[in-house]
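Student: turn this into a structure:
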Amino acid sequence: MDNRQFRIIAHRGASAYEPENTLLAFKRAIDMKADMIELDVRMSRDGHLMIIHDSKVDRTTNGYGPVKEKTLYELKKLDAGKGERIPTLEEVIEFAKGKTKFVVELKERGTEEKTLEIIGKHNLLEDVFIVSFQKNIIKRVKEIEPAVKTGLIVFFPLNPIKKGKEVFADAIAPFRLFVTKRLAEKVRKTGLFLFTWTVDNPLEARNLMQIGIDGIVTNKPDIMTALNQ
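Tutor: Here you go, the predicted structure:
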């Protein structure tokens, strides 16, 4: 993953077409030739790593309440859309390894060790970026496993390179509206990767590609993969 190939990263899977963060969405993204799938990790009450974006299950399932207050059994009973269930990190990796690569976003502290344990167990260190908005999470990940690639997600990129370097990140990921050619050039000189999110417009994606970024996160990987042809 050290080369500068432009990457299409499927946001929560092909989430424009299938229920986000489900095996169905990840399968659709793989079928659409996404280079990587992005997924969100939270912990259940009994210590299982669940793939769900929000802190509560209300928006994406037929249940309600915080993820962290529910057991694996309780979470697995919920319908995450089209009859899909909330998958665990282990289930997603077992399903998708060898078919695509992974961007694993850690949404909360306390998930770092178990995430790295599962990645290591499946020998996926070379196929994973672990990312987060939280600097202390990225710092902790690097302390545990310096070899894994990490990315710091930032909304407004005030000194993003400095922020990334402070936690030994391998990539920075500012919001798409703040990505400029000047920023891309500066990032490239540091050796960091530059990703941005969330881009569903092909023209905007092409412009960002020409600026020189390393990848975009998109809900529509089928539209975006045409850019790599």
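Student: how close does residue 104 get to residue 77?
Tutor: Distance of residue 104 to residue 77, computed by Cβ to Cβ, to the nearest Å: 25 Å. C-betas here are computed from N, CA, C, even on glycine.
Student: the two: who's more crowded?
Tutor: Legend: neighbour count by other Cβ atoms under 10 Å for residue 104 and residue 77, higher for residue 104 (30 against 14).
Student: please identify the helix or strand for the more buried one.
Tutor: Element membership for residue 104 (DSSP states H and E) is strand 101-106.
Student: so what secondary structure elements neighbour that strand?
Tutor: strand 36-43, helix 89-96, helix 112-121, strand 128-132 (3 or more Cβ pairs under 8 Å, 6 or more residues apart in numbering; DSSP states H and E).
Student: go again with 7 Å.
Tutor: strand 36-43, helix 112-121, strand 128-132 (3 or more Cβ pairs under 7 Å, 6 or more residues apart in numbering; DSSP states H and E).
Student: number of nearby residues for residue 32?
Tutor: With other Cβ under 10 Å as criterion, residue 32 counts 18.
Student: quick one, what contacts it?
Tutor: 14, 221-222, 225 (Cβ atoms under 7 Å, 6 or more residues apart in numbering).
Student: tell me where the chain has helices.
Tutor: Counting by DSSP state H, the segments of the chain that form helices are 23-31, 72-76, 89-96, 112-121, 135-144, 160-166, 181-190, 202-211, 221-225.
Student: ok, residues contacting the helix or strand of the chain with the lowest mean pLDDT?
Tutor: Using mean pLDDT, DSSP states H and E, helix 221-225 stands out as the lowest-scoring helix or strand of the chain, at a mean of 86. Applying Cβ under 7 Å, 6+ apart, the external contacts of helix 221-225 come out as 8, 10, 14, 29, 32-34, 202, 205, 216, 218.
Student: thinking again about what came up before, closest one to residue 46 among the helices of the chain?
Tutor: Across these, residue 46 has its closest neighbour in helix 72-76 (5.8 Å, Cβ to Cβ).
Student: can you give me the buried ones in that closest one?
Tutor: 72, 74-76 (16 or more other Cβ atoms under 10 Å).
Student: pipe the residues you listed into a markdown table and attach distance to residue 109 and pLDDT per row.
Tutor: Below are the buried residues of helix 72-76 laid out as a markdown table (distance: Cβ to Cβ, whole Å; pLDDT from 0 to 100):
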| residue | distance to residue 109 | pLDDT |
| --- | --- | --- |
| 72 | 20 | 98 |
| 74 | 22 | 98 |
| 75 | 20 | 98 |
| 76 | 24 | 98 |
